[in-house]
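Peer 1: build the 3D model from these lines:
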Amino acid sequence: MFSIIAAIGKNNELGKNGGLVFNIKEDMKFFKDTTTGHKVVMGYRTWKSLPKKLPDRENFVVSYEEVKEADHTITNLDNFIDQNKDTDEEIFIIGGGMVYTAFLDHAKNLYLTEIDATVPDADTFFPEFDKSNYNKTIIKKGSENGLTYTFAKYIKK
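Peer 2: Predicted structure coming up:
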């Protein structure tokens, strides 16, 4: 099954200039704890924004050309989705915006860190989705560096 994980602002802001718009230590820990031991799927720009391959995870990168440092390159997204959509294994989609959009209809779970802030100059956004199609569970609330946030899990009905 596909699960999406992202940190988003009040207007679904995700990124700016190839990086994240929010840097919350507790969110990074939540991301690591949630995705460790799983396959993670990301776009090429997200891959390039990382300092190195994510350890203890099988790294898949969506790209037209092979990404040698990654564990796997996905050159045909439709085939990858068809081959993996019915697996019981949780496969995490970790960004960016276009990859989230491609997987949104196929994802059973959305792990969203919902941050109570806006970033007017963000250039990458999480896709709009109909929250009424999901059951929402609050995992934890917190604040850091003046930002309040909620870790939420949306499970498709």
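Peer 1: select the longest helix from this structure.
Peer 2: Scanning the chain for the helix with the most residues, using DSSP state H, yields helix 25-35.
Peer 1: what number of residues lie near the residue lying closest to residue 56 once chain neighbours are set aside?
Peer 2: Residue nearest to residue 56 in three dimensions, not counting chain neighbours: residue 36, with 4.8 Å by Cβ to Cβ, 6 or more residues apart in numbering. All C-beta spots, glycine's among them, are computed from the backbone N, C-alpha and C. Number of residues near residue 36 (other Cβ atoms under 10 Å) recorded here: 13.
Peer 1: what about residue 36, distance to residue 89?
Peer 2: Using Cβ to Cβ, to the nearest Å, residue 36 is found at 14 Å from residue 89.
Peer 1: show me where this structure has its helices.
Peer 2: According to DSSP H, the helices that the chain contains are 25-35, 44-49, 77-84, 97-103.
Peer 1: just put these in a markdown table and tack on mean neighbour count and mean pLDDT.
Peer 2: Compiled in a markdown table, the helices of the chain are given as follows (neighbours: other Cβ atoms under 10 Å; pLDDT from 0 to 100):
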| stretch | mean neighbour count | mean pLDDT |
| --- | --- | --- |
| helix 25-35 | 15 | 97 |
| helix 44-49 | 18 | 93 |
| helix 77-84 | 13 | 96 |
| helix 97-103 | 20 | 95 |
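Peer 1: okay if I get those helices as CSV plus distance to residue 2?
Peer 2: Below are the helices of the chain laid out as CSV (distance: least, Cβ to Cβ, whole Å):
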stretch, distance to residue 2
helix 25-35, 13
helix 44-49, 16
helix 77-84, 7
helix 97-103, 5
